[in-house]
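Q: Sequence plus the predicted model coming up.
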Amino acid sequence: MRFVSLIVCMMLAGTSYAEEKWYGLLTTDSIPLKNCVVIDAKPLSMRTLPITNMPPDNIPLHVVMEFRQGIEEDAKSKGFNAVIGFKQTFMGGAYEGAYKHEGVTYTKQPVVTGVFVGEGVMAKVRCK
């Protein structure tokens with residue numbers, strides 16, 4: 001009897017593992033996933049990453065990647081396994097002016113100021 005209980009527990013653990021798979025930040029082109037249905041959804045709280053007076057080539061890629069990872073972690077912590085319709089937009093602009101970086105003042109350089117915005121719908125996706 002214990003052996004049967006152990007097998008049932010292993011099967012249930014396997015089922016819950018399959019449901020917990022992270023599907024990612026999906027654009028609308030990624031949907032529909034084959035053999036999947038959305039069983040729950042909630043709008044993603046607007047996430048922002050401000051960029052202030054930085055030259056375009058000094059915006060670190062790792063900062064943008066950490067921004068995206070923060071969105072993923074937020075969705076996972078709320079029990080969702082995908083963000084559908086994900087869109088990352090930069091709102092702002094560039095101008096030529098002076099800026100400081102690590103204590104050094106530079107002049108007549110293009111400088112970017114604005115904000116990255118992440119939008120989408122957190123979803124609980126179940127696939128066969």
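A: Sure, I can see it.
Q: any weak-confidence spans in the chain?
A: Along the chain, segments meeting pLDDT under 70 span 1-19, 30-32, 98-100, 106-108.
Q: can you pull out the helices in it?
A: 2-19, 61-77 (DSSP state H).
Q: so what's the closest residue to F67 other than its chain neighbours up against?
A: Spatial nearest neighbour of F67, excluding adjacent residues (Cβ to Cβ, 6 or more residues apart in numbering): L49 at 4.4 Å. C-beta: built from backbone N, CA, C; applies to glycine. Residues in contact with L49, defined by Cβ atoms under 8 Å, 6 or more residues apart in numbering, are 63-64, 67, 115-116, 118.
Q: Closest one to Q109 out of those residues, please.
A: Q109 lies nearest to V63 out of the contacts of L49, by Cβ to Cβ, at 19.2 Å.
Q: which one is that closest one nearest to, not counting chain neighbours?
A: Using Cβ to Cβ, 6+ apart, the closest residue to V63 is L49 (7.0 Å).
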